[in-house]
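**Student:** structure for the following, please:
(chains A, B, C and D)
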There are 2 protein chains.
Amino acid sequence: MSDGQRDFDLDQFLPFRLNRAAEFIALRFAAAYKAEYGLTRPEWRTLAALGSSGRMTATEVGAHSTMHKTKVSRAVFALEERRWLKRTQDEDDRRAEHLELTAAGAKAYRDLTRLARDYSLELSELVGQEGLQALSSGLTAVEKAIAKRPR
Amino acid sequence: MSDGQRDFDLDQFLPFRLNRAAEFIALRFAAAYKAEYGLTRPEWRTLAALGSSGRMTATEVGAHSTMHKTKVSRAVFALEERRWLKRTQDEDDRRAEHLELTAAGAKAYRDLTRLARDYSLELSELVGQEGLQALSSGLTAVEKAIAKRPR
DNA sequence: TCCGTATGGTTACAAATGTAACTGTCTATT
DNA sequence: AATAGACAGTTACATTTGTAACCATACGGA
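**Tutor:** Numbers count the residues shown, from 1 in each chain, chains lettered A, B, ... in the order given. As a prediction, this is how the structure comes out:
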């Protein structure tokens, strides 16, 4: 009873597959930092960006993690409220502000990276070394493409 | 001035990379079906699931595309309103209903698969054959893992 | 047959998100 | 200088999403 249009298979369609995999993988990790720290994803990403690359401006955080301005803005606000980051105005350009983790923020970041590492291990067990290897080199190719044709 | 915690790099963290890539790739395609047909992503996914696998129940659609019940429910409603799908109650189990594309729905599906194919080509040009190949086999590994440890 | 529980699907409400407009500051051109 | 545009960041509003409660039906004992 299946109709003739067997020339397209959703299960083969890359955007679909990629999305499903990303959701699965990200969600499992999100559960961890949500449960333990009550962080949202934009908040975790901002924390991670600052933790791993150091002092940055909000725009830079956004560019790095491809998050929209508003997401960053709200995440920064939330993290500031927790006293996990502090802002300082740029001396020369009074529009910009530099973001930096406080000691408490850095500690939280360290804890979370431990979680992240654990999860990476779990993943490599779950998915397998070769799978991860392939995935990673595929992603590198995509990242290059993104860099070439931004936005 | 960068602090010592150089042992974790967000740019290497798989959930992050996957998500960024998925967003980039899915968004570009989403723009197409959104602009041309005004479909949301859950709607497109539902249409695609029904178009490519034929008659299904809402729960099955959700399982297949890993969409939440409510997303499916709303997508089905929207597609029904457009007269792109019709429901029929199951004879034996009066809770369940089978979903099926109408002629108009099937036509839209066919149009959209053309778009999808075009996009696949564009992708393979943008990302490159080997990249896609690697990505695909990596995704296969993830999909196996998902199947093993569902949810 | 009656009761507890599971399941398909919808709906109400709250939280997250995107869009667009806005404030304030900077820069370039005149 | 003066003005027009660009840019950092925030805010208001509409849309989308997730959570939980809900209805109706089905199923599995006691």
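
**Student:** show me what stretch A:39-56 is in contact with.
**Tutor:** Contact partners of stretch A:39-56, identified using C-beta atoms under 8 Å, 6 or more residues apart in numbering or on different chains, comprise A:26, A:30, A:33-34, A:61, A:64-65, A:67, A:71-72, A:74-76, A:78-79, A:84-85, A:98-101, A:105-106, A:108-110, A:112-113, B:1-3, B:5, B:8-11, B:13, B:16. Using the backbone N, CA and C atoms, a C-beta is placed for each residue, glycine as well.

**Student:** now do the same contact list for A:Thr59.
**Tutor:** Going by C-beta under 8 Å, 6+ apart, the list of residues near A:Thr59 reads A:69, A:72, A:96.

**Student:** tell me the buried residues in the helix or strand of chain A with the lowest mean pLDDT?
**Tutor:** When the helices and strands of chain A are scored by mean pLDDT, DSSP states H and E, helix A:14-37 comes last with a mean of 92. If you call a residue buried by 16 or more other C-beta atoms under 10 Å in any protein chain shown, then helix A:14-37 has these buried ones: A:14-26, A:28-30, A:32-33, A:37.

**Student:** just to revisit the earlier point, between the contacts of A:Thr59, identify the one with the most neighbours.
**Tutor:** A:Val72 (25 neighbours; other C-beta atoms under 10 Å in any protein chain shown).

**Student:** residue ranges with poor pLDDT in chain A?
**Tutor:** A:1-6, A:149-151 (pLDDT under 70).

**Student:** which stretch of helix or strand covers the residue most central in space within chain A?
**Tutor:** Taking C-alpha atoms, centre = their mean, the centroid of chain A lies closest to A:Arg45, which sits 4.7 Å from it. Assessed by DSSP states H and E, A:Arg45 sits inside helix A:41-53.

**Student:** that helix: which residues count as buried?
**Tutor:** Quick answer for helix A:41-53 (16+ other C-beta under 10 Å): A:41-52.

**Student:** now do the very next helix or strand once past that helix: distance to the chain's middle.
**Tutor:** The C-terminal neighbour of helix A:41-53 among helices and strands, as given by DSSP H and E, is strand A:56-57. Here the centre of strand A:56-57 is set off from its chain's centre by 16 Å, with C-alpha atoms, centre = their mean, to the nearest Å.

**Student:** so is strand A:56-57 next to DNA strand C?
**Tutor:** No: Strand A:56-57 does not reach DNA strand C (C-beta under 7 Å from any atom of the strand); its nearest approach is 12.7 Å.

**Student:** hang on, the earlier thing: the contacts of stretch A:39-56 also near DNA strand C: which ones?
**Tutor:** A:71, A:74.

**Student:** could you list which of the contacts of stretch A:39-56 belong to helices?
**Tutor:** A:26, A:30, A:33-34, A:61, A:64-65, A:71-72, A:74-76, A:78-79, A:105-106, A:108-110, A:112-113, B:16 (DSSP state H).

**Student:** out of those residues, which are buried?
**Tutor:** A:26, A:30, A:33, A:61, A:64-65, A:71-72, A:75-76, A:78-79, A:105-106, A:108-109, A:112-113, B:16.

**Student:** contact partners of stretch A:127-136?
**Tutor:** A:123-124, B:14, B:17-18, B:134-135, B:137-142, B:144-145.

**Student:** lovely, talk soon.
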